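Take this sequence and fold it.
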Amino acid sequence: MSGDGGSRTRTVEQTSTQEPPEYAKPYFEELLAEAKTEFTSDRPKYYPGSTIVDRSPQSELALQMTESAALGGSPIVDAAQNVALAGITGNLPTSANAIAADRLNSQILAGNYLTPQTAAGRAAYDLDQRTIAGEFLDAENPYFSKAVEAASRPVTSQVGSMFSRGGRYGSGANQDVLSRSIGDISSKMAYQNYAQERANQIAAQNRVNALEQAGRARQDAAASASMNRELQNRAQRMQFMGMVPGLRNLDFADAQKIAGVGAARDAEAQARLSADIDRFNFGQNVGRQKLGDYASLVRGGTFGGTTTSISPQFYNPAANYLGLGLGAASLGSMLFGAPVPGVAAGGLLRGLRI
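Modelled structure (predicted):
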């Protein structure tokens, strides 16, 4: 205790003891005994068998088959890539029919089929050309004179009879009339022959024109076929070029299959290693774990104990007296309606000696 007329301090020591109820003490003692028994035992134990499932025969066979197929490659993939390469470079094999068609189109485009190609056709074409040139308009017809002679016989007989009846057969008049009559027949037949030959010229010209038009049409068709074939080749090349990314990825497909097989086996190896590590870590940590469990059980099995606490206490005599004086004044005020003369905190404090 200390003080100089002001506040003072003193120390108070308190001691409390807690214990389990009497009925519970046997259970706590049994718990502690069981905790010690558990701590000194060889438990817990790690699972004695393998914690990894072995790969099934089917899975192993699938891995082996995948690996073998990937290492061996695929002739189909190689063939597809070769065809695509040939298609892109324009070296695809061409059928015999396509080659023959191309050759024929080339000949048609060169104009080889504007005229007939057979012997009979060429002879007819040559005759038409001669006819068109007028070769047969002025040529001597070996049958024309005989035709005129045959056509003139009735006229000759008629004119001779007429002049015979007049006694003038063989006269100059007879010869003049006969000559004019045969001349008329000959001129008429010559005109008819000329007109026929002109008609032959026109017909020949029409045949030649039709032949040339047919040849030009074949040329146009051949040009169109050649252009379409070129467009098809270009489209085919573009189509094969579009296959390039997919076909290029096929080069890596085998490697990806091998990688998948390796990943499956690596995963299995990692699982076995992890199982071994877990078993090792269990052996390393089991003692510490048991000790921690034991300590926890021991702490949970204790109850009660003794607790000592020291706490300071403060008090002030002046304040106590001041409170007393203020209380008296307040009491006087309540009793008499006014403060009691001579009763005040100051008066009490002046008479206080500590």
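
how near is the closest residue to residue 237 other than its chain neighbours to residue 247?
Distances taken as C-beta to C-beta, 6 or more residues apart in numbering place residue 88 nearest to residue 237, at 5.6 Å, with adjacent residues excluded. The C-beta positions use only the backbone N, C-alpha and C, and glycine is treated the same way. According to C-beta to C-beta, to the nearest Å, residue 88 and residue 247 sit 10 Å apart.

Name the residue most distant from the centre of this structure?
No residue in the chain sits farther from the centre than residue 167, which is 118.5 Å out by C-alpha atoms, centre = their mean.

that older thread, need the contact list for the residue nearest to residue 237.
The contact partners of residue 88, taken as C-beta atoms under 8 Å, 6 or more residues apart in numbering, are 237, 240-241, 244.

what residue ranges in this protein are flagged as low confidence?
Across the chain, the ranges flagged by pLDDT under 70 are 1-10, 12, 17, 138-141, 297-354.

Walking through it, point out its helices one by one.
Secondary structure of the chain (DSSP state H): helices located at 25-40, 57-72, 75-89, 96-109, 119-132, 144-165, 172-242, 244-301, 317-336, 345-350.

Could you pull out the buried residues of the third one?
Which is helix 75-89. 81, 84, 87-88 (16 or more other C-beta atoms under 10 Å).

So for residue 49, which of the helices of the chain sits nearest?
Of all the helices of the chain, helix 244-301 sits nearest to residue 49, with 10.4 Å by C-beta to C-beta.

relative to helix 57-72, how tilted is the closest one?
Between helix 244-301 and helix 57-72, the angle comes out at 140 degrees (axes from the mean of the first three to the mean of the last three C-alpha atoms, to 10 degrees).

rewinding a little: pick the one among the buried residues of helix 75-89 closest to residue 31.
Checking the buried residues of helix 75-89 against residue 31 by C-beta to C-beta gives residue 81 as the nearest, at 78.4 Å.

The closest one and residue 13: what is the separation?
As judged by C-beta to C-beta, residue 81 and residue 13 stand 98 Å apart.

Ok, residue 41 next?
Going from residue 41 to residue 13 by C-beta to C-beta gives 45 Å.

Centre-most residue in this structure?
residue 246 (9.3 Å).

sorry, back to before: tabulate the buried residues of helix 75-89 (TSV), appending distance to residue 293.
Output for the buried residues of helix 75-89, formatted as TSV (distance: C-beta to C-beta, whole Å):
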residue	distance to residue 293
81	67
84	70
87	76
88	74
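
Name all residues that make contact with the residue farthest from the centre of the chain.
Neighbour list for residue 167: empty [criterion: C-beta under 8 Å, 6+ apart].

buried subset of the contacts of residue 88?
For those, a neighbour count by 16+ other C-beta under 10 Å gives the buried set as 237, 240.

of all the contacts of residue 88, which two lie farthest apart?
The span of those, defined through C-beta to C-beta, is set by 237 and 244 at 11.0 Å.

What about the residue lying closest to residue 190 once chain neighbours are set aside, how many residues nearby?
Spatial nearest neighbour of residue 190, chain neighbours left out: residue 144 (7.5 Å); criterion: C-beta to C-beta, 6+ apart. Counted with other C-beta atoms under 10 Å, residues neighbouring residue 144 total 14.
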